[in-house]
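S.K.: sequence isn't available, so here's the structure alone:
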(Lines give C-alpha, C1' and ligand atoms only; values in the text may rest on other atoms or scores of the structure.)
Protein backbone atom coordinates (compact mmCIF):
# COMPACT_ATOMS: atom_id res chain seq x y z
CA UNK A 1 0.00 0.00 0.00
CA UNK A 2 1.44 3.35 -1.06
CA UNK A 3 0.41 6.12 1.32
CA UNK A 4 1.21 8.80 -1.26
CA UNK A 5 -1.22 7.32 -3.77
CA UNK A 6 -3.92 7.00 -1.13
CA UNK A 7 -3.51 10.65 -0.10
CA UNK A 8 -3.57 11.80 -3.72
CA UNK A 9 -6.81 9.93 -4.30
CA UNK A 10 -8.38 11.24 -1.09
CA UNK A 11 -7.62 14.83 -2.09
CA UNK A 12 -8.62 14.50 -5.75
CA UNK A 13 -12.33 15.21 -5.68
CA UNK A 14 -15.17 15.62 -8.15
CA UNK A 15 -14.30 19.33 -8.05
CA UNK A 16 -10.93 18.44 -9.58
CA UNK A 17 -12.71 16.97 -12.59
CA UNK A 18 -14.95 20.04 -12.93
CA UNK A 19 -11.87 22.27 -12.85
CA UNK A 20 -9.94 20.21 -15.44
CA UNK A 21 -13.04 19.44 -17.55
CA UNK A 22 -15.49 22.33 -17.38
CA UNK A 23 -18.81 22.03 -19.26
CA UNK A 24 -17.39 23.87 -22.28
CA UNK A 25 -14.65 21.24 -22.63
CA UNK A 26 -17.07 18.35 -22.14
CA UNK A 27 -19.14 19.82 -24.99
CA UNK A 28 -16.02 20.12 -27.15
CA UNK A 29 -15.02 16.51 -26.43
CA UNK A 30 -18.53 15.33 -27.33
CA UNK A 31 -18.41 17.25 -30.62
CA UNK A 32 -14.94 15.91 -31.44
CA UNK A 33 -16.09 12.33 -30.87
CA UNK A 34 -19.14 12.96 -33.06
CA UNK A 35 -17.02 14.53 -35.84
CA UNK A 36 -14.44 11.75 -35.72
CA UNK A 37 -17.04 9.00 -35.75
CA UNK A 38 -18.49 10.47 -38.94
CA UNK A 39 -15.25 9.41 -40.68
CA UNK A 40 -15.26 5.72 -39.69
CA UNK A 41 -17.48 2.89 -38.49
CA UNK A 42 -15.94 2.68 -34.99
CA UNK A 43 -17.27 3.90 -31.65
CA UNK A 44 -15.31 5.99 -29.14
CA UNK A 45 -16.15 6.72 -25.49
CA UNK A 46 -14.20 9.00 -23.18
CA UNK A 47 -14.54 8.61 -19.42
CA UNK A 48 -12.88 10.51 -16.59
CA UNK A 49 -12.94 9.51 -12.95
CA UNK A 50 -11.53 11.70 -10.21
CA UNK A 51 -10.24 8.96 -7.91
CA UNK A 52 -10.72 5.49 -6.57
CA UNK A 53 -12.46 4.76 -3.29
CA UNK A 54 -10.39 3.77 -0.27
CA UNK A 55 -11.34 0.06 -0.36
CA UNK A 56 -10.24 -0.12 -4.02
CA UNK A 57 -6.95 1.57 -3.15
CA UNK A 58 -6.32 -0.73 -0.20
CA UNK A 59 -6.82 -3.71 -2.51
CA UNK A 60 -4.33 -2.27 -5.01
CA UNK A 61 -6.84 -1.52 -7.77
CA UNK A 62 -5.01 -0.29 -10.86
CA UNK A 63 -6.23 2.23 -13.41
CA UNK A 64 -6.13 -0.57 -15.99
CA UNK A 65 -8.40 -2.84 -13.95
CA UNK A 66 -10.80 0.02 -13.32
CA UNK A 67 -10.82 0.93 -17.03
CA UNK A 68 -11.84 -2.62 -17.88
CA UNK A 69 -14.72 -2.35 -15.39
CA UNK A 70 -15.81 0.96 -16.93
CA UNK A 71 -15.53 -0.55 -20.43
CA UNK A 72 -18.06 -3.15 -19.32
CA UNK A 73 -20.30 -0.77 -17.38
CA UNK A 74 -20.57 1.68 -20.30
CA UNK A 75 -21.16 -1.29 -22.65
CA UNK A 76 -18.37 -0.22 -25.00
CA UNK A 77 -17.97 -3.91 -25.87
CA UNK A 78 -21.53 -4.01 -27.18
CA UNK A 79 -20.98 -2.74 -30.73
CA UNK A 80 -22.06 -4.59 -33.84
CA UNK A 81 -18.56 -4.76 -35.36
CA UNK A 82 -16.66 -5.19 -32.05
CA UNK A 83 -14.90 -1.89 -32.65
CA UNK A 84 -15.68 0.15 -29.55
CA UNK A 85 -12.82 1.98 -27.84
CA UNK A 86 -12.80 3.46 -24.34
CA UNK A 87 -10.35 6.20 -23.42
CA UNK A 88 -10.29 6.23 -19.61
CA UNK A 89 -8.58 8.83 -17.43
CA UNK A 90 -8.03 8.27 -13.72
CA UNK A 91 -7.39 11.89 -12.80
CA UNK A 92 -5.75 11.29 -9.41
CA UNK A 93 -3.03 9.21 -11.08
CA UNK A 94 -3.01 11.15 -14.39
CA UNK A 95 -3.16 7.66 -15.84
CA UNK A 96 -4.77 7.06 -19.22
CA UNK A 97 -5.89 3.60 -20.25
CA UNK A 98 -7.34 2.62 -23.59
CA UNK A 99 -9.51 -0.49 -23.66
CA UNK A 100 -10.54 -1.63 -27.11
CA UNK A 101 -12.97 -4.28 -28.21
CA UNK A 102 -11.46 -7.37 -29.78
CA UNK A 103 -12.20 -6.38 -33.38
CA UNK A 104 -10.02 -3.27 -33.30
CA UNK A 105 -7.58 -4.36 -30.59
CA UNK A 106 -6.24 -7.25 -32.66
CA UNK A 107 -5.47 -4.78 -35.47
CA UNK A 108 -3.79 -2.07 -33.39
CA UNK A 109 -2.24 -4.04 -30.53
CA UNK A 110 -1.18 -2.88 -27.07
CA UNK A 111 1.77 -0.89 -28.37
CA UNK A 112 -0.44 1.27 -30.58
CA UNK A 113 -2.77 2.11 -27.72
CA UNK A 114 0.10 2.69 -25.27
CA UNK A 115 1.66 5.28 -27.59
CA UNK A 116 -1.57 7.28 -27.52
CA UNK A 117 -1.82 6.95 -23.72
CA UNK A 118 1.73 8.24 -23.26
CA UNK A 119 1.08 11.25 -25.51
CA UNK A 120 -2.06 12.11 -23.57
CA UNK A 121 -0.34 11.68 -20.20
CA UNK A 122 2.47 13.97 -21.36
CA UNK A 123 -0.05 16.71 -22.21
CA UNK A 124 -1.79 16.22 -18.85
CA UNK A 125 1.49 16.60 -16.94
CA UNK A 126 1.77 20.02 -18.59
CA UNK A 127 -1.78 20.87 -17.52
CA UNK A 128 -3.16 20.62 -21.07
CA UNK A 129 -6.21 18.44 -20.51
CA UNK A 130 -8.06 19.80 -23.52
CA UNK A 131 -5.21 19.28 -25.95
CA UNK A 132 -4.39 15.85 -24.54
CA UNK A 133 -7.93 14.48 -24.73
CA UNK A 134 -8.70 15.89 -28.16
CA UNK A 135 -5.40 14.63 -29.60
CA UNK A 136 -6.06 11.21 -28.05
CA UNK A 137 -9.54 11.00 -29.57
CA UNK A 138 -8.16 11.95 -32.96
CA UNK A 139 -5.34 9.38 -32.70
CA UNK A 140 -7.79 6.61 -31.79
CA UNK A 141 -9.98 7.76 -34.64
CA UNK A 142 -7.07 7.39 -37.09
CA UNK A 143 -6.79 3.71 -36.20
CA UNK A 144 -10.54 3.27 -36.56
CA UNK A 145 -10.55 5.10 -39.89
CA UNK A 146 -7.75 2.84 -41.20
CA UNK A 147 -9.40 -0.41 -40.12
CA UNK A 148 -13.12 0.51 -40.20
CA UNK A 149 -13.62 3.12 -42.92
CA UNK A 150 -16.97 4.86 -43.15
CA UNK A 151 -19.49 3.27 -45.47
CA UNK A 152 -22.44 5.61 -45.81
CA UNK A 153 -24.45 6.72 -42.81
CA UNK A 154 -23.04 5.16 -39.64
CA UNK A 155 -25.28 4.33 -36.69
CA UNK A 156 -24.18 5.95 -33.44
CA UNK A 157 -24.22 2.95 -31.12
CA UNK A 158 -22.71 4.63 -28.04
CA UNK A 159 -23.19 8.01 -26.44
CA UNK A 160 -20.67 10.64 -27.53
CA UNK A 161 -21.00 12.53 -24.23
CA UNK A 162 -17.99 12.10 -21.94
CA UNK A 163 -18.76 9.97 -18.91
CA UNK A 164 -17.81 11.76 -15.69
CA UNK A 165 -17.65 9.08 -13.02
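M.R.: Looks like it arrived, so ask away. Treat the numbers as computed from the prediction; the structure is a model and nothing was measured.

S.K.: point out where the chain drops to low pLDDT.
M.R.: 1 (pLDDT under 70).

S.K.: tell me where it has helices.
M.R.: 3-11, 14-20, 23-37, 54-58, 63-73, 102-125, 129-147 (DSSP state H).

S.K.: most tightly packed of these?
M.R.: helix 129-147 (a mean of 20; mean count of other C-beta atoms under 10 Å). For glycine as for every other residue, the C-beta is placed from the backbone atoms N, C-alpha and C.

S.K.: now that one: how far from the chain's centre is it?
M.R.: With C-alpha atoms, centre = their mean, to the nearest Å as the basis, helix 129-147 stands 10 Å off its chain's centre.

S.K.: tell me which strands and helices that helix is in contact with?
M.R.: helix 23-37, strand 43-49, strand 84-90, helix 102-125 (3 or more C-beta pairs under 8 Å, 6 or more residues apart in numbering; DSSP states H and E).

S.K.: just the residues contacting it, thanks.
M.R.: 20-21, 25, 28-29, 32-33, 36-37, 39-42, 44, 46, 83, 85, 87, 89, 96, 98, 104, 107-108, 112, 115-117, 119-124 (C-beta atoms under 8 Å, 6 or more residues apart in numbering).

S.K.: between the helices of the chain, which one is nearest to residue 155?
M.R.: helix 23-37 (10.0 Å; C-beta to C-beta).

S.K.: let me know whether residue 108 touches residue 100 as I believe.
M.R.: Yes - in terms of C-beta atoms under 8 Å, residue 108 counts as a neighbour of residue 100; the distance is 6.6 Å.
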